[in-house]
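**Q** Here is a sequence with its predicted model. Questions after.
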Amino acid sequence: MSADTANSPAVLDGIDITTKAKVLLEALPYIQRFRGSIFVVKYGGSFMDDPDPEVRTRVATDIVFLASVGIKVVVVHGGGKAISRGMEEAGLKPVFTNGLRVTDEAAIKIVEKTLNGQINLDICELIQQKHGRPLGIPGNNVFLCEKQRSYDNEGNELDLGFVGSIKFVKAKLIKKALTDGYTPIISPVALDDNDQAHNTNADIAAAAVASALRARRLVYLSDVPGLLSNPSDPSSLISTLRVDEVAPLKANGVIGKGMIPKVDSAVHALNNGVHRVHFVDGREPHSILLEIFTDRGIGTEIVNR
Ligand SMILES: Nc1ncnc2c1ncn2[C@@H]1O[C@H](COP(=O)(O)OP(=O)(O)O)[C@@H](O)[C@H]1O
Ligand SMILES: CC(=O)N[C@@H](CCC(=O)OP(=O)(O)O)C(=O)O
């Protein structure tokens, strides 16, 4: 320390050094506990379209941070809005039934082009820019599926086209990539027994990966602070939710729209070996780190007990 700084207030980057050290040290027990654990991050969907490119860069930085402290991170990404844009540009009308995109032959081509040929590469590039080691994996290489069955309110079967229900995840392949030091970045496309590509919901695909890997954490990034007890009031955050509290919240309509596949997938994952699921706001700076490495967290955690 030079003579003229010796008596200056103990401040570093505008924060007093004791606070700064405390913040760093608060992460220590978490880093020790999670080293070597598998985390699955659902990267998507709405925040990916935020006009501020910094939002995506910050998320990529958080993922690289997790990987750098020895956590084995797997990313499963969405891209629903980009697919809809691609369809509209091609003169096709996006249609959703029971939250799933009706995907005909023309649409599945756009789905593959958008997810495998565009979004997957963009995420890999962002992670690379932050000096991570991404490995882009088209879901076609890791997900086996059968045609998704869907019904209307009267029980009549609906044809969603090439929409898949994942029946197997090639976990060994993903684990090999992790052991080799990569961060796998996986798209939600699956192959059926005839190698026909099918579109799958990215939330469900993320839960399938987390279950197959018995992940310690599954983190859903979205464009809301977490699960809200009043969806139109961002301050009504539910910090912790038990699985047995989900059904009443669905019955009284608190959990609606896009949250339904997320919460259902979260419950499925928790019932299949995943220890804990988090919902965090992808737009909030460094929300993943704040949720995982601080005592209080900033989003919603869903637990089994
Ligand atoms: N109880 C709730 N808490 C938070 N969000 C909710 C709730 N119920 C419904 N939602 C809606 O779910 C949306 C998130 O789902 P979705 O749009 O599918 O996410 P993404 O595309 O980011 O994966 C929120 O933007 C919100 O409109
Ligand atoms: C079958 C089905 O609906 N697939 C989704 C796949 C992408 C996705 O889920 O993206 P987000 O997470 O960004 O919503 C779709 O076509 O939109």
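**A** Alright, I've got the coordinates. Ligands and ions are numbered 1, 2, ... in the order given.

**Q** residues from the chain in reach of ligand 2?
**A** For the chain, the residues in contact with ligand 2 (CB under 6 Å from any ligand atom) are 44-45, 78-80, 83, 100-101, 111, 163, 188, 199-202. Any C-beta I mention is one placed from the backbone N, CA and C, and that applies to glycine too.

**Q** how about 5 Å then?
**A** Contacts of the chain with ligand 2, taken as CB under 5 Å from any ligand atom, map to Gly44, Gly45, Gly78, Gly80, Ile83, Leu100, Arg101, Val163, Pro188, Asn199, Asn201, Ala202.

**Q** of those residues, closest to Phe65?
**A** The closest of those to Phe65 turns out to be Gly44 (CB to CB; 19.2 Å).

**Q** If we ignore the residues flanking it in sequence, what's nearest the closest one?
**A** Leaving out its chain neighbours, the residue that sits closest to Gly44 by CB to CB, 6 or more residues apart in numbering is Gly78, at 2.7 Å.

**Q** thought the one you found was touching Tyr43?
**A** Yes - judged on CB atoms under 8 Å, Gly78 makes contact with Tyr43 at a distance of 7.1 Å.

**Q** follow-up on the earlier one: from the residues of the chain next to ligand 2, list just the buried residues.
**A** Buried by 16 or more other CB atoms under 10 Å: Gly44, Gly45, Gly78, Gly80, Ile83, Leu100, Arg101, Val163, Pro188, Asn199, Asn201, Ala202, out of the residues of the chain next to ligand 2.

**Q** Check those and tell me the two furthest apart.
**A** The distance between the two most remote of these (CB to CB) is 17.2 Å, for Gly44 and Val163.

**Q** quick one: contacts for the residue of the stretch 201-305 of the chain found nearest ligand 2?
**A** In the stretch 201-305 of the chain, the residue that lies nearest ligand 2 is Ala202 (3.4 Å; CB to the nearest ligand atom). Residues near Ala202 by CB atoms under 8 Å, 6 or more residues apart in numbering: Lys42, Gly44, Gly45, Val76, His77, Gly78, Gly79, Gly80, Pro188.

**Q** which non-adjacent residue is nearest it?
**A** In this structure, Ala202 finds its nearest non-sequential neighbour in Gly78, 3.6 Å apart by CB to CB, 6+ apart.

**Q** which residues does that neighbour contact?
**A** Contacts of Gly78 by CB under 8 Å, 6+ apart are Lys42, Tyr43, Gly44, Gly45, Met48, Ile119, Pro188, Ala202, Asp203.
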